[in-house]
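**Student:** what shape does this take:
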Amino acid sequence: MPSRFQRNVLFIGGSIAAGIAISFLVMHLWPELVRRAPATSAALPVPVDVVRFPPPQATLAAEVESAGAVPDTRPEEDTPSPREGTLQESFAAAVRAAAPAVVSIYVQRTERLPPSILDPMLDPTRPRYRERIQRGLGSGVILDAQGHIVTNHHVIAGSDRISVQLADGRTADAQVVGRDPDTDLAVLKIDLPKLPVMALGRSDRIAVGDVVLAIGTPLGLSQTVTHGIVSALGRAQLGVALYENFIQTDAAISVGNSGGALVNTRGELLGINTAVLGKNMGAEGIGVAIPVDLVRGVMREILQHGRVIRGWIGIVPDDILEEDLRQVPLPHAGVVIANLYRNSPALDVGLARGDMIESVNGEPVRNAQDTLARIANRKPGSTITLTGVRGQQRFTVKVPVVEPPVQTQNR
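**Tutor:** The predicted model follows:
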């Protein structure tokens, strides 16, 4: 007689066999009652608007291939169209056009130092001074196929040797053709074949907000490009040069950028990068460049005459500020003659220290720098008319315009 355990096993096994038999019978007689089992989530079709991220080790080629494998079935009207006035995505074309004409400039200066206290104990035939070699760095722009390069005067001032390196790696020693400290510009020349030349734009068409690129050799990193906008125009009285009319930009400019190119998005020269302002005060993004229209004029004068010929009458003006107008009989801000040069035309016609200048050739002057610029724009040999006040008396005087003496040109 079977035990209780055996009876239970026989009962369960019989029940399972009976269930399987009934299932096969139902599937055979009524197949429409049987539904398909739902597919797993891995088998679901992927909607076209779902992005699947590849595993981190996927290569760029695999990413491109997988992206192309999913067709874009969105209606054509759903595809967004580019908006007008959007920021340009790449300035590579402008850089390709402009960067080859931007060069690195390396200068060497020899500085004489006083003798040390040990010199008398050494060879008495040695010179009674010591020499120290200083090296400097800057940038420049090739402006014609003859090899003329424009840079800042302060880059090459006092140098014993100037060498230039092109973007293609060629190097050459450079000769100084002429310099103009009053605008902080200098013209160099190198002798190499097949030189790249920078296309010139027009600085009178620049507007605040225009996108600009600065190309140069900051910190010794040649062919570095930074970008920003024109943040102001006509900046002056910054103490950088005697005649100032700078383009202000927030494109990053660092040590070594001086003399480099400020270009527009077509790769045309807009200015020569000159200075960074406010670094010692923690300011960022305030750099200035000399407008290309001024650069063009200075270079033309240097190539024709070896120097820039300007008008001069021999006065040293100083500003009269708006808050000082209550104490002087002038209707608007003007300038006062702080000093005069000896044997100058201004001294010869009777102008004196303390005279206040109100207008030059009938046009009101804004400040001392504006006054000097108006005089400088007159050709030597012409005459200029000054209107002003001495004490309580108004005066008008005609002053001959001459070329500045050599010592004032080379200061």
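**Student:** can you point out the buried residues in stretch 381-400?
**Tutor:** By neighbour count, with 16 or more other C-beta atoms under 10 Å as the criterion, the buried positions of stretch 381-400 are Ile384, Leu386, Thr387, Gly388, Val389, Phe395, Val399, Pro400. (C-beta placed from N, C-alpha, C; glycine too.)
**Student:** list the contacts for the nearest residue to Ala101 once chain neighbours are set aside?
**Tutor:** Among residues not flanking Ala101 along the chain, Met198 sits closest, at 3.9 Å (C-beta to C-beta, 6 or more residues apart in numbering). The contact partners of Met198, taken as C-beta atoms under 8 Å, 6 or more residues apart in numbering, are Ala98, Ala101, Val102, Val141, Ile142, Leu143, Ala261, Val263, Glu268, Leu269.
**Student:** in strands only, show me the residues you listed.
**Tutor:** Secondary-structure check on the contacts of Met198 using DSSP state E: residues within strands are Val102, Val141, Ile142, Ala261, Val263, Leu269.
**Student:** which two of the residues you listed have the greatest separation?
**Tutor:** Greatest spacing in the ones in strands among the contacts of Met198, by C-beta to C-beta: Ile142 and Val263 (13.2 Å).
**Student:** and those two? which has more neighbours close in?
**Tutor:** Between Ile142 and Val263, counting by other C-beta atoms under 10 Å, Val263 is the more crowded of the two (31 against 25).
**Student:** who's in contact with the more buried one?
**Tutor:** So Val263 contacts Ala94, Ala98, Met198, Gly201, Val212, Leu213, Ile215, Leu269, Leu270 (C-beta under 8 Å, 6+ apart).
**Student:** now do 7 Å
**Tutor:** Ala94, Ala98, Val212, Leu213, Ile215, Leu269, Leu270 (C-beta atoms under 7 Å, 6 or more residues apart in numbering).
**Student:** now do Val164
**Tutor:** Shown in contact with Val164 (C-beta under 7 Å, 6+ apart): Val103, Ile105, Gly140, Ile149, Thr171, Ala172, Ala174, Ile190.
**Student:** list buried residues within those residues.
**Tutor:** Those of the contacts of Val164 that meet the buried threshold are Val103, Ile105, Gly140, Ile149, Ala172, Ala174, Ile190, by 16+ other C-beta under 10 Å.
**Student:** turn those into TSV, including pLDDT, secondary structure and distance to Leu303.
**Tutor:** Below are the buried ones among the contacts of Val164 laid out as TSV (pLDDT from 0 to 100; DSSP: H, G, I helix; E, B strand; the rest coil; distance: C-beta to C-beta, whole Å):
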residue	pLDDT	secondary structure	distance to Leu303
Val103	97	strand	18
Ile105	96	strand	19
Gly140	96	strand	16
Ile149	97	strand	12
Ala172	96	strand	19
Ala174	96	coil	15
Ile190	96	coil	15
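**Student:** looking at those residues, which is nearest Ile229?
**Tutor:** Using C-beta to C-beta, the buried ones among the contacts of Val164 come closest to Ile229 at Gly140, 24.1 Å.
**Student:** tell me how many other residues crowd the closest residue in space to Asp168 that isn't next to it in sequence.
**Tutor:** In this structure, Asp168 finds its nearest non-sequential neighbour in Pro100, 7.1 Å apart by C-beta to C-beta, 6+ apart. Residue neighbour count, defined by other C-beta under 10 Å, stands at 19 for Pro100.
**Student:** lowest-confidence helix or strand of this structure?
**Tutor:** The least trusted helix or strand in the chain, going by mean pLDDT, DSSP states H and E, turns out to be helix 60-69, with a mean of 34.
**Student:** burial count for the closest residue to Val155 other than its chain neighbours?
**Tutor:** Excluding the flanking residues, the one nearest Val155 by C-beta to C-beta, 6+ apart is Gly138, at 3.3 Å. Gly138: 24 surrounding residues under other C-beta under 10 Å.
**Student:** ok, now how distant is Gly138 from Pro404?
**Tutor:** In this view, Gly138 and Pro404 are 26 Å apart by C-beta to C-beta, to the nearest Å.
**Student:** cool, Arg235 as well?
**Tutor:** For Arg235, the distance to Pro404 equals 24 Å [C-beta to C-beta].
**Student:** ok, Met356 next?
**Tutor:** For Met356, the distance to Pro404 equals 23 Å [C-beta to C-beta].
**Student:** and Val212, what element?
**Tutor:** Taking DSSP states H and E as the definition, one finds Val212 inside strand 211-216.
**Student:** can you list the residues that contact that strand?
**Tutor:** 91, 94-95, 98-99, 102, 139, 224-230, 249, 251-253, 256-257, 260-265, 270, 273.
**Student:** in helices only, show me those.
**Tutor:** Here DSSP state H is the test, and those give Ala94, Val95, Ala98 as lying in helices.
**Student:** burial of the second one, as a residue count?
**Tutor:** Yep, that's Val95 we're talking about. Neighbours of Val95 (other C-beta under 10 Å): 19.
**Student:** list the contacts of Leu200.
**Tutor:** Applying C-beta under 7 Å, 6+ apart to Leu200 gives the contacts Glu268, Leu269, Val292, Arg296.
**Student:** Thr249 now?
**Tutor:** Residues near Thr249 by C-beta under 7 Å, 6+ apart: Val212, Gly228, Ile229, Val230, Ser231, Leu262, Gly287, Ala289.
**Student:** hmm, 6 Å instead?
**Tutor:** By C-beta atoms under 6 Å, 6 or more residues apart in numbering, the contact list for Thr249 reads Val212, Gly228, Val230, Ser231, Gly287.
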